[in-house]
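take this sequence and fold it.
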Amino acid sequence: MKGIIALMFICQSLIAQIIPTTDKPTVIMFILHISSNKIESLEKKGMRKDAQLVREADREINTSIMRDFKENFKFCEVYFFYDSQMNYVLQKQWNMVTFYDSEHLKNGKKIEVSYIDNYIMAEVAYPPAPEYPRIDSTGKEIEPLYTTDYANARDYGIICYDQQYQLLRNKLQYTNIFFTKSG
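Predicted coordinates:
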């Protein structure tokens, strides 16, 4: 993932004439995932040890993402939040969301936000499904205007969204990364 994040913002300006652009965000709000359903299911089955292993795996992945941003990303501020607070983010109820930055790894720092304006959201996930054009009754292609075909559905990458959690329609939409578990 090192270096790839910065590259995705540089590439945006190189193809600005072809693909819609996104202004440089003030903040990237990065969604960290917790396997809540899986943990709850394992605990209901009495498999507490397995549930703890899932928690530890989530913590390792999220910490790795935060650390990588701290070490390799200087483009703009990055605030992290957990997927369980996504509804508050979509409703822009900032006082209900606990944000973190890379300093959280050192000292448990949390960020209080009263207003955020120019931001995009991002997460690590599988690539979005390719979109295929819709054809009108005359056979003319009407949408989508921008499509991307992904060669391998097992790829992992950073997916970026606008403030309504809709995929960005530019080069920032998806950036492939190298993402593996250690140990």
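
part of a strand, is residue 56?
No - looking at residue 56 with DSSP: H, G, I helix; E, B strand; the rest coil, it is helix, so not inside a strand.

can you tell me the number of residues neighbouring it?
10 (other CB atoms under 10 Å). Every C-beta, even on glycine, is put in place using the N, C-alpha and C of the backbone.

and if you look at residue 119?
Neighbours of residue 119 using other CB under 10 Å come to 17.

for it, which residues are in contact?
25, 26, 27, 28, 29, 163 (CB atoms under 8 Å, 6 or more residues apart in numbering).

what of residue 36?
Residue 36 neighbours (CB under 8 Å, 6+ apart): residue 84.

could you check how far it is from residue 79?
Applying CB to CB, to the nearest Å, the value for residue 36 to residue 79 is 21 Å.

now residue 134
Relative to residue 79, and taking CB to CB, residue 134 is found at 36 Å.

how about the secondary structure of the spatially most central residue of the chain?
A centroid search over the chain (CA atoms, centre = their mean) returns residue 123, at 1.3 Å, as the residue closest to the centre. Here residue 123 is recorded as strand under three-state DSSP.

that one pairs with what?
residue 31, residue 159 (DSSP bridges).

hmm, it is touching residue 31, no?
Yes - Residue 123 is within contact range of residue 31, at 4.0 Å (criterion: CB atoms under 8 Å).

okay, and the common contacts of the two?
residue 83.

hmm, back to that, who's more crowded, residue 134 and residue 79?
Using other CB under 10 Å as the criterion, residue 134 and residue 79 rank with residue 79 on top: 19 against 10.

for that one, give me its contacts.
Here residue 79 is in contact with 27, 28, 29, 30, 99, 100, 101, 111, 113 (criterion: CB under 8 Å, 6+ apart).

any chance you could map the helices in the chain?
4-14, 36-44, 48-72, 86-90, 104-107 (DSSP state H).

how about those, which one is nearest residue 173?
Evaluated over these, closeness to residue 173 peaks at helix 4-14, with 9.4 Å, by CB to CB.

show me where pLDDT drops low in the protein?
1-22, 105-106, 108, 130-132, 143-154, 179-183 (pLDDT under 70).

one more time with 90
Where the chain drops to pLDDT under 90, the residues are 1-24, 63-64, 75, 95, 98, 100-117, 125-157, 167-183.

re the thing from before, can you lay out the helices of the chain as JSON lines showing distance to residue 175?
Putting the helices of the chain into JSON lines (distance: least, CB to CB, whole Å) gives the following:
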{"stretch": "helix 4-14", "distance to residue 175": "4"}
{"stretch": "helix 36-44", "distance to residue 175": "26"}
{"stretch": "helix 48-72", "distance to residue 175": "13"}
{"stretch": "helix 86-90", "distance to residue 175": "21"}
{"stretch": "helix 104-107", "distance to residue 175": "23"}
